[in-house]
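S.K.: 3D, please:
(chains A, B and C)
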Amino acid sequence: MMATIRIDNQEIPFTPGQTIMDAALAAGVYIPHLCHYPGLTPNGNCRLCMVETGNHSVAACITPAVAGQEIRNNTPELNAARTAITQMLFVEGNHICPSCEKTGNCKLQAMAYHLGMLDDHFPQFYQRRELDASHPDILLDRSRCILCDLCVRASREVDNKNVFAIAGRGTNAHLIVNSPSGKLTDSAIAATDLAATVCPVGAVMIKEQGYQVPIGQRIYDCRTIRETGLQEHIDNKNDN
Amino acid sequence: MTSSCLHNSSDPPREHLLHRLYAVQRQYRHISPQAMQRIADEFHLPLSQVASVVAFYAFFSTQPLGRFHILFSNCTSCGYLANGENLLQLLCKQLQTSPGKTRTDELVSIDETSCIGQCDHGASLLVNGIPIAGLNSEKITQIAQLIATAIPLDAWPAHWFEIRDAVHRRELLLTTQPTPGSALRQALKQGIGKTLAEIRQSRLRGRGGAGFDTGTKWQLCREALGDARYVVCNADEGEPGTFKDRVLLRIYAEALFEGMALCAFVIGATRGFIYLRGEYRHLLPHLLTALNRHRNQGLLGVNILGHAGFDFDIDIVAGAGAYICGEESALIESLEGKPGIPRIRPPFPVTHGYLGQPTAVNNVETLIAATHIVAHGSDRFNSVGTPQSPGTKILSVSGDCHSPGIYEYPFGVRIQQILDDCGADDAQAVQIGGPAGKLIAPADFNRAIGFEDLSTGGSFLVFGQQRDLLTIHHNFAHFFAHESCGFCTPCRVGTQLLKNTLANIAAGRGSACDPKELQQLGQIIQRQSHCGLGHSAANHVLDGLQQFPQTFSSHLKQSFSARFDLDQSLASARQLTHRDDADAHLDNG
Amino acid sequence: MTIERKNKRKLKIATASLAGCFGCHMSFLDMDEHLAGLLEQVEFDRSPFTDIKRIGSCDIGLIEGGVCNAENVHVLREFRANCAVLVAVGACAINGGVPALRNYFDLKDCLEEAYLTGTGITNPQIPNDRELPLLLDKVYPISEVVPIDYFLPGCPPSAAAFLQLLEPLLTGQKPAISKSHLHYD
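M.R.: Residues are numbered from 1 along each chain as shown, chains lettered A, B, ... in the order given. You can find the predicted model right below:
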């Protein structure tokens, strides 16, 4: 018989080596997440997937499932903490949805919808971060970056290019480009790379595609992040 | 240190990346993009890794620093405000420069940094990495004159650079020094099993504050599968108010090296590292000399004490200004030449540490205690302390007291006893274990130091009645926001929000809702963060709200104030329009 | 924060657009036939709909737009002082919105580009008449200047979202915006 964990009183089977997140997603149980993308090495930085087991709060995407674990996930307290964390991400960067090409397709925005977020709650940071429009096909707007590290991992693990890294401490943390000039155009990135398309927000974007899909037909006009989040997976050919 | 020109160009240099970067910075007073590229090539690393390391550590700069680079501590005990005047501003004024900027002639740059471990000597600074303690306005004026006339450091008054270690109370560890080699000889005589059993019987627990059982750690590391094993000494004592390791490293370095060799003997390691905080780099020459002396006595190196096959040696790696590297997995990342971002745990360092191999990371004091235990037996160690906390604890006492310095006590000592001993007559609060620890009020002064009550890495900050605790909270909040590694959202953003909220309250813009806001924010940071820094960063605020609510409420207004300085926000418009009429100003409400 | 309604008097609503585009006001008018029903229960005080200049005591204040200048601060404070319930309406009121794009630049650069160095400028000078409110260094969300009771996101919020806000408020209930009406663009 397969070992199981319980999430919000639902029995969920898992195989050794799976995280709580792996087991939950496989069973169709949604745990909110932004920095996790099945198929890439989990990283645990966004902290939206925090769940509770016993007296501990753990990030589901990096915590191994252990037989018999009782896990609380979809509770008012945890969703309130997730809302606060989402609000933190909103105020840290410049997330002005009406002026962003990613609107309607943005996971940060969709997460906020999912959590019923009405305002940013915290005072804005008004960060000014460097914009890199040097690449002919790809735009890097650091002011919208939520430091989820997905592009870093996608470039390293799937594209085999190692184009991105995160540098700096605290709120000075920012995305850097692995090229002599530090500019995207001098890096090995291509528009077809996973690193160019995996960005959950409007920080790394393919140029000249904005607003092509009319309002009403964009990803999160039609579906919730819960629905898309249960279906995502990257097949990493490098794993084989 | 290995010279970089000696190695074959196809092999990465054996020198540590942090040391290479330090050498470049020392020579050129900054690390340029070209230098980063050259180092990336030398070390066969991606340029982005070198750049992210340079950006992570506070002591590296991509902009040229002054020939005299001054870093004032901003700790509540050894900081530039410690004796009631702003010495940083004073020096900036006298040298006609401003904080964080290099003067245009590149003679001098002045900035602030986190605690530099001189808390027993009042306001302190580092000049080109060397500490000068006991600052006052006269000394600042003298320093300004020396810099203005470009007098080299070796011509500055020599006594300024003398470090005085005031040890006021000695117990087990500080009374008698075991004869160098006596513990190792005992270990070799009795074998690995008996040596480990002795450590286990002593029930020695980690002195960094977390209190993990040392014998268990060594055993787990010994049993873990791996190609190699490593001993790491965590000498990254960054908790503001701690300076015990400074004293231990200066006076008891041999006992530390021997403790590391004992650990190596038990777990089967051939290589060890002392990760020395960058603020203590000035101790490096002393430590390297002591290491050589130790080697010459046959206590390190190949076939230690003539024991065939017992090979072990120690490298010292100096950090470059990052409190987070005191977290053991961040420390290991730093040892590996990366930014100090705490790893995902499990796996723990005992099974997957340095280079993915089993690694025992121990505090300086823990390793010295291990030497005593093996040399003198666990019974003697156990004879003091409490059942859950055997042995003694070395405290770094500072703040508002007559006799700041080092105090060694058996575990179980009451806070009031310590206050009496150090001459703190009017303490309104004590911060046990530094900003990450616990803030306690007089009602709790009968509580005891020990893992079962008040656990501490050694920092003991006394705050007298005249102190405004809000200033202390703001100082601590600034510290955590500055030292957060930036990896996870609640710590990266939350510590900044805490700092901003406290700054607002201190500036008279606090509103009645702020205590509740601080409480909720503090709980999110504490509960949802990735590592110990985040878990503890809000402790002081949560303790303060509970123990000293008036600290916050006395600064609050009943009405709501704007969350920023409204009148200041019109300043640039006033300047651009040359207006200063009544309508060109706003009250802050 | 809810409204206590004594006898059957009409509730008073005031509205204002600060650093906004009046799009939220236009969307309010998109309630179409619902407006007729609404007007049986409410009357408008200070609002672009009435052209009343000074706000009196009101039950509900609706603020569109962020805070970009000194006059915005005065208006917002008057609203806060006179309205039992104050609502931030639309993206700009909530986080600055499109006008906050100027926060990427220093005010000096904005004004110099607009009045001194930009193309097609004759008689370059930065306006400094006392009648003109001074600009703040940034465009701020209104919640950073006064406390706000409710938030109605959207750019603009749809007419249906306005109804979801107002209908409960008129009967003394707390409004709740359904997720299907929740959008930031």
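S.K.: flag the shaky bits of the chain, pLDDT-wise.
M.R.: Answering for chain A, as no chain was given. For chain A, the stretches flagged by pLDDT under 70 are A:237-240.
S.K.: um, chain C though
M.R.: In chain C (pLDDT under 70), the answer is C:1, C:4-7.
S.K.: secondary structure element for the closest residue to residue B:581 other than its chain neighbours?
M.R.: Nearest residue to residue B:581, sequence neighbours excluded (Cβ to Cβ, 6 or more residues apart in numbering or on different chains): residue C:130, at 5.9 Å. Yep, even glycine has a C-beta here, placed from its N, CA and C like the rest. Using DSSP states H and E, residue C:130 sits within no helix or strand.
S.K.: so what are the domain limits for the chain?
M.R.: Going with chain A. Per automatic domain parsing, the domain ranges recorded for chain A read A:4-74, A:79-209+A:216-224.
S.K.: actually chain B
M.R.: Split by automatic domain parsing, chain B gives B:17-56, B:68-164, B:168-382, B:392-464.
S.K.: which among these is found nearest to chain C?
M.R.: domain B:68-164 (18.2 Å; Cβ to the nearest Cβ).
S.K.: surely residue A:82 and residue A:50 touch.
M.R.: Yes - counting by Cβ atoms under 8 Å, residue A:82 touches residue A:50, with 7.4 Å between them.
S.K.: next, count neighbours for residue C:15.
M.R.: Residues near residue C:15, counting by other Cβ atoms under 10 Å in any protein chain shown, number 24.
S.K.: which secondary structure elements does the helix or strand that it is a member of contact?
M.R.: Using DSSP H and E, residue C:15 maps to strand C:11-17. Packing partners of strand C:11-17 (3 or more Cβ pairs under 8 Å, 6 or more residues apart in numbering or on different chains; DSSP states H and E): helix C:23-29, strand C:42-44, strand C:58-64, helix C:70-82.
S.K.: recalculate using a threshold of 6 Å.
M.R.: When contacts are defined as 3 or more Cβ pairs under 6 Å, 6 or more residues apart in numbering or on different chains; DSSP states H and E, strand C:11-17 sits against strand C:42-44, strand C:58-64.
S.K.: the inter-axis angle of the longest one versus strand C:11-17?
M.R.: Counting by axes from the mean of the first three to the mean of the last three Cα atoms, to 10 degrees, strand C:58-64 lies at 20 degrees to strand C:11-17.
S.K.: now do strand C:58-64: everything it contacts.
M.R.: Contacts to strand C:58-64, defined as Cβ atoms under 6 Å, 6 or more residues apart in numbering or on different chains, come from residues C:3, C:11-17, C:20, C:24, C:45, C:79, C:82-90, C:93, C:142, C:169.
S.K.: try stretch B:89-107
M.R.: By Cβ under 6 Å, 6+ apart, stretch B:89-107 touches B:64, B:65, B:66, B:67, B:108, B:109, B:110, B:111, B:140, B:144.
S.K.: how about the residues of chain A near chain B?
M.R.: A:44-47, A:50, A:57, A:62, A:81, A:84-85, A:88, A:92, A:122-123, A:162, A:165, A:167-171, A:173, A:176, A:178 (Cβ under 6 Å from any Cβ of the partner chain).
S.K.: quick one: buried residues of stretch B:13-22?
M.R.: Residues of stretch B:13-22 classed as buried by neighbour count (16 or more other Cβ atoms under 10 Å in any protein chain shown): B:13, B:15, B:16, B:17, B:18, B:19, B:20, B:21, B:22.
S.K.: typo on my end, it should be stretch C:128-146
M.R.: Of all the residues in stretch C:128-146, those buried under the rule 16+ other Cβ under 10 Å are C:133-146.
S.K.: looking at the residues you listed, which are in strands?
M.R.: C:135, C:136, C:137, C:138, C:139, C:140 (DSSP state E).
S.K.: which one among these gets closest to residue B:438?
M.R.: Each of those was scored against residue B:438 by Cβ to Cβ, and residue C:140 proved nearest at 37.4 Å.
S.K.: pretty sure the closest one contacts residue C:69?
M.R.: No - applying Cβ atoms under 6 Å, one finds residue C:140 not in contact with residue C:69, separated by 10.5 Å.
S.K.: quick one: the helix ranked longest in chain A near chain C?
M.R.: The longest helix of chain A (DSSP state H) is helix A:76-92. No - using Cβ under 6 Å from any Cβ, helix A:76-92 never reaches chain C; the gap is at least 7.3 Å.
S.K.: the residue in chain C positioned nearest to chain B is in what secondary structure piece?
M.R.: Using Cβ to the nearest Cβ, residue C:128 is the residue of chain C that sits closest to chain B, at 3.6 Å. Residue C:128 belongs to no helix or strand when elements are defined using DSSP H and E.
S.K.: from what I can see it touches residue B:576, true?
M.R.: No - Residue C:128 lies out of contact with residue B:576 (Cβ under 6 Å); the separation is 8.1 Å.
S.K.: hmm, back to that, distance check, the residue of chain C closest to chain B against residue C:72.
M.R.: Here the criterion is Cβ to Cβ, to the nearest Å. By it, residue C:128 lies 19 Å from residue C:72.
S.K.: try residue B:41
M.R.: For residue B:41, the distance to residue C:72 - Cβ to Cβ - is 55 Å.
S.K.: with neighbour numbers in mind, choose between these two.
M.R.: Under the criterion of other Cβ under 10 Å, the comparison of residue B:41 against residue C:72 puts residue C:72 first, with 25 against 12.
S.K.: need the contact list for the more buried one.
M.R.: Contacts for residue C:72 (Cβ under 6 Å, 6+ apart) come out as residue C:18.
S.K.: which residues pair with residue B:213 across the strands?
M.R.: Residue B:213 has these beta-bridge partners by DSSP bridges: residue B:205.
S.K.: interface residues of chain B facing chain A?
M.R.: Counting by Cβ under 6 Å from any Cβ, the residues of chain B close to chain A are B:46-48, B:51-52, B:55-56, B:344, B:481, B:484-490, B:492-493, B:496-497, B:524, B:527-528, B:563.
S.K.: now, of those, which are buried?
M.R.: Buried members of the residues of chain B next to chain A, counted by 16+ other Cβ under 10 Å: B:47-48, B:51-52, B:55-56, B:344, B:481, B:484-490, B:492-493, B:496-497, B:524, B:527-528, B:563.
S.K.: please flag which of the residues you listed sit within helices.
M.R.: Among these, DSSP H puts B:47-48, B:51-52, B:55-56, B:481, B:489-490, B:492-493, B:496-497, B:524, B:527-528 in helices.
S.K.: so residue B:461 sits in a strand?
M.R.: Yes - per DSSP: H, G, I helix; E, B strand; the rest coil, residue B:461 lies within a strand segment.
S.K.: next, count neighbours for it.
M.R.: 30.
S.K.: ok, and the closest non-adjacent residue to it?
M.R.: Residue B:461's closest residue in space is residue B:431 (Cβ to Cβ, 6+ apart), at 4.1 Å.
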